[in-house]
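Enquirer: Turn this into a structure:
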Amino acid sequence: MTTIAILWPVFALVALVTIVWFTMFVQRLGHMKRNPPTARDFADGESALRYFRPVEMPANNFANLFEMPVLFFGLIPLLMITHHANHIQVILAWAYVILRAVHSFIHIGPKKVQLRFMAYLLSCAVLMAMSIGFFIDMLGAARILSDIG
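Expert: Take a look at the predicted model:
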């Protein structure tokens with residue numbers, strides 16, 4: 001397997017971010033059509049948040065996709081550059097993206113907090129497994145280099 005295989009989950013996560021953004025855009029546009037905003041609705045950040053409260057879940061999820069996933073997006077190039085994007089990392093990357101998609105669906109759709117939290121927690125565990133695996137691989141590489149030198 002080449003290191004390129006690790007990019008497919010990245011593309012899938014980018015697609016998820018795009019879908020959530022589009023959902024947020026459509027819901028906010030619909031809300032603005034149904035409830036035309038006034039200048040007071042956007043007088044400050046708090047007023048804007050209050051105005052969009054009925055359709056806030058896609059925006060909350062969109063913001064959430066720029067928290068822990070940033071670590072995922074940062075880890076992938078490191079795995080590629082060091083040639084440690086192995087089968088296990090690819091499987092974990094897919095698991096991470098699938099769990100993030102489940103989290104987004106629950107967050108925007110049925111809003112079942114316990115299920116959403118479980119998806120979030122599992123996705124964090126998978127991301128930590130990816131990171132710890134990479135760290136262990138780097139320790140092994142450093143040991144080999146120190147033995148050579």
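Enquirer: Would you agree residue 7 is in contact with residue 79?
Expert: No: between residue 7 and residue 79 there is no contact under CB atoms under 8 Å: 10.3 Å. (C-beta placed from N, C-alpha, C; glycine too.)
Enquirer: Compare these two and say which one has the larger neighbour count.
Expert: Each of residue 7 and residue 79 has its neighbours counted (other CB atoms under 10 Å); residue 79 has more, 20 against 16.
Enquirer: which residues does that one contact?
Expert: Contact analysis of residue 79 by CB atoms under 8 Å, 6 or more residues apart in numbering lists 3, 6, 85, 89, 134.
Enquirer: Mind putting the residues you listed into TSV with neighbour count?
Expert: Formatted as TSV, the contacts of residue 79 follow (neighbours: other CB atoms under 10 Å):
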residue	neighbour count
3	17
6	23
85	24
89	23
134	17
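Enquirer: In the protein, where is pLDDT below threshold?
Expert: For the chain, the stretches flagged by pLDDT under 70 are 1-2, 149.
Enquirer: In it, what residue spans correspond to strands?
Expert: Ranges of strands in the chain, per DSSP state E: none exist.
Enquirer: elements contacting the top helix by length along it?
Expert: Criterion DSSP state H: the longest helix present in the chain is helix 113-148. Packing contacts for helix 113-148, counted by 3 or more CB pairs under 8 Å, 6 or more residues apart in numbering; DSSP states H and E, involve helix 68-81, helix 87-108.
Enquirer: Surely residue 123 and residue 94 touch.
Expert: No: contact criterion CB under 8 Å: residue 123 and residue 94 do not qualify, at 11.7 Å.
Enquirer: So between these two, which is more surrounded?
Expert: Remark: of residue 123 and residue 94, residue 123 carries more neighbours, 22 against 16, as counted by other CB under 10 Å.
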